[in-house]
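Trainee: here is my input, please return the structure:
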Amino acid sequence: MAERLSSHAAADEHGVPEGEIAHLLQETISTVTQHFLNEESLMKTFGYREREPARFHAHIESHADFSGDVCKLVCSADILRPDMLEKLAGMLVDFAVCHQRDHDDPFLDHVLDGQRAS
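Mentor: Next comes the predicted model:
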């Protein structure tokens, strides 16, 4: 997703129609939101909320914070520009690296520990 945003931003900084930028932003936000909903559902299914409440809530908060940051980027613009795609791509990469390390990996450990105990 980040690569796609970057490639559109770099393709033609002055020739990307605002409607295309809006479509890419909407698609990205929709994909990220659906991913978060699926992940949060999995956390509930695997008992993460009950067994690791602090980590569960921090994980959910991380999703909300990132969603808020994306909204600030998109909602603060008077006009949609290609550089927004590049900025969003960078945000996605940075978030993915830190979020996986701080939240997804501990959740995966929780799931694997539960399977080993079964």
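Trainee: ok, the most centrally placed residue in the chain to Met91 distance?
Mentor: The C-alpha lying nearest the average C-alpha coordinate of the chain belongs to Val32 (C-alpha atoms, centre = their mean; 4.6 Å). Separation of Val32 from Met91 (C-beta to C-beta, to the nearest Å) stands at 10 Å. Any C-beta I mention is one placed from the backbone N, CA and C, and that applies to glycine too.
Trainee: tell me, what's touching those two both at once?
Mentor: Common contacts of Val32 and Met91 (C-beta atoms under 8 Å, 6 or more residues apart in numbering): 66, 70.
Trainee: from the chain's centroid, how far away is the longest helix along the chain?
Mentor: If you go by DSSP state H, the chain has its longest helix at helix 18-45. Centroid separation for helix 18-45 versus its chain: 7 Å, with C-alpha atoms, centre = their mean, to the nearest Å.
Trainee: report all helices and strands that it contacts.
Mentor: helix 2-11, helix 53-75, helix 82-99, helix 105-117 (3 or more C-beta pairs under 8 Å, 6 or more residues apart in numbering; DSSP states H and E).
Trainee: run the last query once more with 10 Å
Mentor: helix 2-11, helix 48-51, helix 53-75, helix 82-99, helix 105-117 (3 or more C-beta pairs under 10 Å, 6 or more residues apart in numbering; DSSP states H and E).
Trainee: lowest average pLDDT across those helices?
Mentor: Within the helices and strands packed on helix 18-45, confidence is poorest for helix 2-11, with a mean of 71 (mean pLDDT).
Trainee: cool, thanks, talk later.
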